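**Q** pasting the structure only:
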């Protein structure tokens, strides 16, 4: 059995740290991953995810223009990170989303929340509902921008990794559109992206930094090389300079000290499962992205796989609905898992299909 790779020395400066290989589901490193902490502007990743979900559900559109209320202008003009929204302006959702990720616009978050849901409170209710759907059990969001609120907004590194994975997997087009812009220009002002790995680390393409005096310096980042994607979370580092060095060292460590054996290509079918009460008797399950067996470099990457079902599979089933997990066990005895989703939709059976399925069941 091979030893875990030596960690970069700079990582000692991160009280909270997590690295996840999305292709295998393997946690490459974890320190205080379930400890609750104040996320500061990392909150905005949840704000963006909630907006992406609303757009997909049809309750919000990119071209929709949202008004800047006078009260919002007075409270948030020039307060912390800002996109410098003008009083009385109407700003497109697309512009707000760019500003929220690229320049961490506190004012833009409030304009988005009020315009999309009617109030900040209604929008944070949506944020918390979406967090519960993702299983983010150590998170609560009281603001859309992470501004200091006496600890009522909190999260954990594991929850933030879950959130990053959801954005990358469920909303790949939005991820590509909003998380890798080097700068943002609005109202005659250009500001640079604060992401410490973007443009400096091979394959880096997201996500976001966070800082308040209470929370310290945090970061959620991701990079992809040769189809293999890593997500990292850092919390509580002492300075922006330290965060930058730790983030760059950490992601390079993940790629350079771990090897990956490709098991399945993105979208490849893996297994089928019987469906109860469906128009079809079975549904094919596929992986969402390329799947790897991950092991310390120099160790055997041989692996065995098995399918673990979440429970009885009952129609109706939506295309892309999570049905099972693919469990991967590597030669070093470590197990991890990635989701298996329905390759196609299966509607509920009509009376004729129920009769047909019953007759087939009698003879098979």
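**A** Okay, I see it. Since the structure is predicted, the reported quantities are computational estimates derived from the model, not experimental observations.
**Q** pull up the gap between the spatially most central residue of the chain and residue 18, please.
**A** In the chain, the residue lying closest to the centroid (C-alpha atoms, centre = their mean) is residue 164, at 1.6 Å. Counting by C-beta to C-beta, to the nearest Å, the separation of residue 164 from residue 18 is 10 Å. C-beta coordinates here come from the backbone N, C-alpha and C atoms, glycine included.
**Q** which residues of the stretch 151-300 of the chain fall in helices?
**A** Per DSSP state H, counting those that start in this stretch, the stretch 151-300 of the chain carries helices over the ranges 157-170, 172-178, 240-256.
**Q** got the contact list for the longest one?
**A** Around helix 240-256, the neighbours that count as contacts under C-beta atoms under 8 Å, 6 or more residues apart in numbering are 5, 7-8, 10-11, 13-14, 17, 19, 21, 28-29, 196-197, 200-201, 203-204, 209, 211, 217-219, 221, 223, 225, 228, 230, 232, 234, 237, 297.
**Q** list the contacts for the residue nearest to the centre of the chain?
**A** The contact partners of residue 164, taken as C-beta under 8 Å, 6+ apart, are 45, 206, 207, 220, 222, 231, 233.
**Q** likewise residue 139?
**A** For residue 139, the contact set (C-beta under 8 Å, 6+ apart) comprises 46, 128, 131, 154, 155, 156, 159.
**Q** surely residue 30 is in a helix?
**A** No. Under DSSP: H, G, I helix; E, B strand; the rest coil, residue 30 sits outside any helix and is assigned strand.
**Q** per-residue pLDDT, it?
**A** At residue 30, the model reports a pLDDT of 98.
**Q** partner residues bridging it?
**A** Beta-bridge pairing for residue 30 (DSSP bridges): residue 18.
**Q** for residue 327, give me phi and psi.
**A** Note on residue 327: backbone dihedrals following degrees, to the nearest 10 are phi -90, psi 130.
**Q** about what we covered before: ok, so of the contacts of residue 164, who is nearest residue 34?
**A** residue 233 (11.6 Å; C-beta to C-beta).
**Q** identify the residue spatially nearest to the closest one, adjacent ones excluded.
**A** Excluding its sequence neighbours, the residue lying closest to residue 233 (C-beta to C-beta, 6 or more residues apart in numbering) is residue 157, at 4.1 Å.
**Q** how about residue 82?
**A** Distance criterion C-beta to C-beta, 6+ apart; nearest residue to residue 82, sequence neighbours excluded, is residue 107 at 5.1 Å.
**Q** quick one, phi/psi of the one you found?
**A** Residue 107 adopts backbone torsions of phi -60, psi -40, taken as degrees, to the nearest 10.
**Q** how many residues are close by it?
**A** Other residues within reach of residue 107, judged by other C-beta atoms under 10 Å, total 26.
**Q** and it, what does it touch?
**A** Contact analysis of residue 107 by C-beta under 8 Å, 6+ apart lists 68, 72, 73, 76, 77, 79, 82, 83, 84, 85.
**Q** SS state for the last one?
**A** What that stands for is residue 85. coil.
**Q** surely it is in contact with residue 78?
**A** No. Using C-beta atoms under 8 Å, residue 85 is not in contact with residue 78, being 10.1 Å away.
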